[in-house]
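Colleague: below: sequence and its predicted model.
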Amino acid sequence: MPNFMCEIKSIGVIGSGAMGLGIAEHFLISGYNVSVIDSQLENLNKGFFLLKEKINKYGIKNKLSSQEIESILDRCLFSTSYSLLKDRDVNFVIEAVYEDIEVKSKVFESVVQYVDEKVILATNTSSLSIEELAGFVQSPERFLGVHFFNPVKHMPLVEIIPHSLTHIDVIQIVKSLISNTQKVGVVCKDSPGFIVNKLLIPMINQAGQMLDKGIACPQDIDRAMTLGAKIPMGPLKLADFIGLDIVVAIQNILYHEEKNDYYKPAKCFASLVEKGCLGLKTKKGIYDYE
């Protein structure tokens, strides 16, 4: 059994989309070396400039000198090659690619070729089975789910999801890592939706089904929940913010796992996704953002 009790100093992030960059930014400003891997050069180049912009804004907000900002950026490298993980002695790798088990499994099949058995591996999935993903990892005892929430910068919660073989030392190391970066980690059993989405997605879906039945308009549904339930954002506005494609994907996973019509995606959500109206990121969803 590998000795996992080591201090994590170097982080590998797989994926340079919004979530991957958010995680990379978070660990960078927390003082870690970060390596960002993405197989698509176009995505990687875009991600590089976006992250540089984020760090510059962070530096200006916190009155850092140009040298201090440059020092933070110097701790991050981008590459299309997984060999960067080995070159930089990465000892914690988290993937943040598309929410598809085949895509994620291929990532881990590549990662394990360049890291030894002491390197802790994590998936940022919001709903996929940790146990199933662990089947694609050599030495699955070093694998677990570490679910950041979007936007990473502003969301203090991280769900930590071990599977049946995850070593207790790995759980403790990751809990310490999350705590050291000023986030709050909660440990959850591997179960569809984990904690937050298990509770949140059905509420969003019920709001969508209200639209399907014409019970109320989007504005009044959201207004009722913000004023009557004291939640900061209405469920339909939140669905647009998360991305309707992601919401529907999680609903489908819950529906498949639970075999309960309660989780079946609302017709209005499925229709909008089919049209490419995914919410805030496409400027049109339940609401228009033009």
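Modeller: Sure, I can see it. Numbers count the residues shown, from 1 in each chain.
Colleague: just the buried positions in stretch 265-282, please.
Modeller: Going by neighbour count (16 or more other CB atoms under 10 Å), the buried part of stretch 265-282 is 265-266, 268-270, 272-273, 277-282. Where C-beta positions appear, they are placed from N, C-alpha and C, glycine not excepted.
Colleague: swap in stretch 155-169?
Modeller: When burial is assessed from 16+ other CB under 10 Å, stretch 155-169 yields the following buried residues: V158, E159, I160, I161, P162, H163, T166, H167, D169.
Colleague: and stretch 14-30, by the same measure?
Modeller: By neighbour count on 16+ other CB under 10 Å, the buried set for stretch 14-30 is 14-29.
Colleague: swap in stretch 182-194?
Modeller: Those would be K183, G185, C188, D190, P192, G193, F194, for stretch 182-194 by 16+ other CB under 10 Å.
Colleague: neighbouring contacts of that stretch?
Modeller: When contacts are defined by CB atoms under 8 Å, 6 or more residues apart in numbering, stretch 182-194 is touched by residues 26, 30, 126-127, 129-131, 145, 147-148, 156-164, 171, 174-175, 178-179, 195, 198-199, 201, 250, 253-254, 257-258.
Colleague: likewise stretch 9-19?
Modeller: For stretch 9-19, the surrounding residues in contact (CB under 8 Å, 6+ apart) are 20, 23-24, 27, 32-38, 43-44, 46-48, 78, 84-85, 88-98, 107, 111, 115, 124, 148, 150-152.
Colleague: list the contacts for Q209?
Modeller: A266.
Colleague: which helix or strand contains it?
Modeller: Element membership of Q209, judged by DSSP states H and E, is helix 196-213.
Colleague: tell me which residues of the helix or strand following that helix come out buried.
Modeller: Next along the chain after helix 196-213, taking DSSP H and E as the criterion, comes helix 218-228. With burial defined by 16+ other CB under 10 Å, the residues of helix 218-228 counted as buried are P218, I221, D222, M225.
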